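K.L.:
Fold the stuff below for me.
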Amino acid sequence: MPELPEVETIRRQLSGKIVGKKLNGKKISNIRRRAKVLIINFKDGSSLVFHLKLTGQLIFSGKPSKHTRKIFKFDDGSHLIFNDARKFGWWKEVKDTKKIEEKFGPEALEISLKEFKDALEKRPNAKIKPLLIDQGLIAGIGNIYSDEILFTSKVHPLRQSKTLKNEEIRRIHKNIRKILKDAIKHMGSSVQYYLDACGRKGDYVKHHKVYQKEGEKCPRRDGGIIRRIKLGGRSARFCPRCQL
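P.N.:
Residues are numbered from 1 along each chain as shown. So this is what the prediction gives:
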């Protein structure tokens, strides 16, 4: 599923390609991202909102394929293609994005240490992996980057938030920004379907330490073997030796 780095990559690329163009006679003023949602704002105050879900792609001037669900044609003759192999993604035009945006917690790249601690304190018995991907607490992190954040922080995904020491909380908070910024720098992770707005794969997959690495040796060379467990309908990958 495209997460914050993938959607932010698409936002930045499209900002340079379609801002100022007209779609159905309405001029695009800017493009924003909220959590994993992409928002195209028009000068009349309305917005076109996208959620790519599992397999959605937004490709500028791309060629239609069997997975193309919609072609958005701009007044200058250029176009934006929305592909979605599994058809879970959606788009809608709204007059106000408030109802869509208000359900999300603080942005993962912007959340302060205090806000992060407060979010953990709200759910003292919850495990840290599900907390990191709870969009109502922290917006933008999903399965891929929660695994990478916890590995880098040396924290086990099953740890309850009330058991985390202050230093561990600070490490997780610091690594949220570090991992997400690194992933944006590499244009995101193309694990399966994700392509950026230019139709290219992101190469942060090359930098994954644990995600989809189950059965491999821990990159810290501590003798651990990366494990995969099921956790609340999701998977968590971790090293049982160095993530405590």
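K.L.:
Averaged pLDDT, stretch 87-101. What do you get?
P.N.:
Across stretch 87-101, pLDDT averages out at 97.
K.L.:
list the contacts for the residue nearest to Ile133 when sequence neighbours are not counted?
P.N.:
Using Cβ to Cβ, 6 or more residues apart in numbering and skipping the chain neighbours, the partner closest in space to Ile133 is Ser146 (5.2 Å). Backbone N, C-alpha and C define where each C-beta goes, glycine included. Counting by Cβ atoms under 8 Å, 6 or more residues apart in numbering, Ser146 makes contact with Lys129, Leu132, Ile133, Pro157, Ala236.
K.L.:
Correct me if wrong: the third one contacts Asn143.
P.N.:
Yes. Between Ile133 and Asn143 a contact is recorded at 6.5 Å, counting by Cβ atoms under 8 Å.
K.L.:
anything in contact with each of those two?
P.N.:
Arg234.
K.L.:
Show me which of the contacts of Ser146 is closest to Lys95.
P.N.:
Ile133 (30.0 Å; Cβ to Cβ).
K.L.:
Please tell me how far that closest one sits from Gly142.
P.N.:
According to Cβ to Cβ, to the nearest Å, Ile133 and Gly142 sit 6 Å apart.
K.L.:
So Arg33: helix, strand or coil?
P.N.:
strand (DSSP: H, G, I helix; E, B strand; the rest coil).
K.L.:
Kindly report the same for Val7.
P.N.:
Relying on three-state DSSP, one would call Val7 helix.
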